[in-house]
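1. 3D, please:
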Amino acid sequence: MKERKASEFKLKLQTLITEVRELRVQFLEDENYLLQSKHKELKETINCILQAKEAFLNAYQVPNIR
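-> Reported below is the predicted structural model:
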């Protein structure tokens with residue numbers, strides 16, 4: 001009887017461990033997707049800022065007169 005309960009406990013424990021691992025993997029995949037999205041968004045923002053800077057400098061550049 002005790003062996004049966006121990007076996008059931010081990011099986012349940014293994015099942016729970018597997019579920020936790022699967023949830024961890026899913027969490028990490030979701031986190032990775034969000035980080036990639038934020039990375040892309042930041043790159044686009046940086047590019048827009050650099051383009052705006054370049055346009056500003058070109059518009060207000062004073063020619064060198066000698």
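
2. What helix or strand is His63 located in?
-> Actually, residue 63 is Pro rather than His. Mapping Pro63 onto the secondary structure by DSSP states H and E places it in no helix or strand at all.

3. Give me the distance between it and Ile17.
-> Here the distance between Pro63 and Ile17 works out to 72 Å (C-beta to C-beta, to the nearest Å). Heads up, the C-betas are built off the backbone N, CA and C, glycines and all.

4. Look at these two and report which has more neighbours.
-> Set side by side, Pro63 and Ile17 show more neighbours around Ile17, with 10 against 4, by other C-beta atoms under 10 Å.

5. Show me the shaky parts of the chain.
-> Screening the chain residue by residue with the criterion pLDDT under 70, one finds the ranges 64-66.

6. Which strand or helix spans the spatially most central residue of the chain?
-> Note on the chain: the residue nearest the mean C-alpha position is Leu35, at 2.1 Å, using C-alpha atoms, centre = their mean. Here Leu35 is covered by helix 2-59, with elements defined by DSSP H and E.

7. starting at the chain centroid, how far to that helix?
-> Relative to the centre of its chain, helix 2-59 is centred 5 Å away, using C-alpha atoms, centre = their mean, to the nearest Å.

8. Now do the residue nearest to the centre of the chain against Ala6, distance only.
-> In this structure, Leu35 and Ala6 are 43 Å apart, going by C-beta to C-beta.

9. now swap in Ser37 and tell me
-> Applying C-beta to C-beta to Ser37 and Ala6 gives a distance of 47 Å.

10. Likewise for Leu34?
-> Relative to Ala6, Leu34 is positioned 42 Å away (C-beta to C-beta).

11. Then Gln51?
-> According to C-beta to C-beta, Gln51 stands 67 Å off from Ala6.

12. again, but for Glu22
-> As judged by C-beta to C-beta, Glu22 and Ala6 stand 25 Å apart.

13. ditto for Leu23
-> Here the criterion is C-beta to C-beta. By it, Leu23 lies 26 Å from Ala6.

14. now swap in Gln14 and tell me
-> Counting by C-beta to C-beta, the gap between Gln14 and Ala6 amounts to 13 Å.

15. Perfect, I'm done here.
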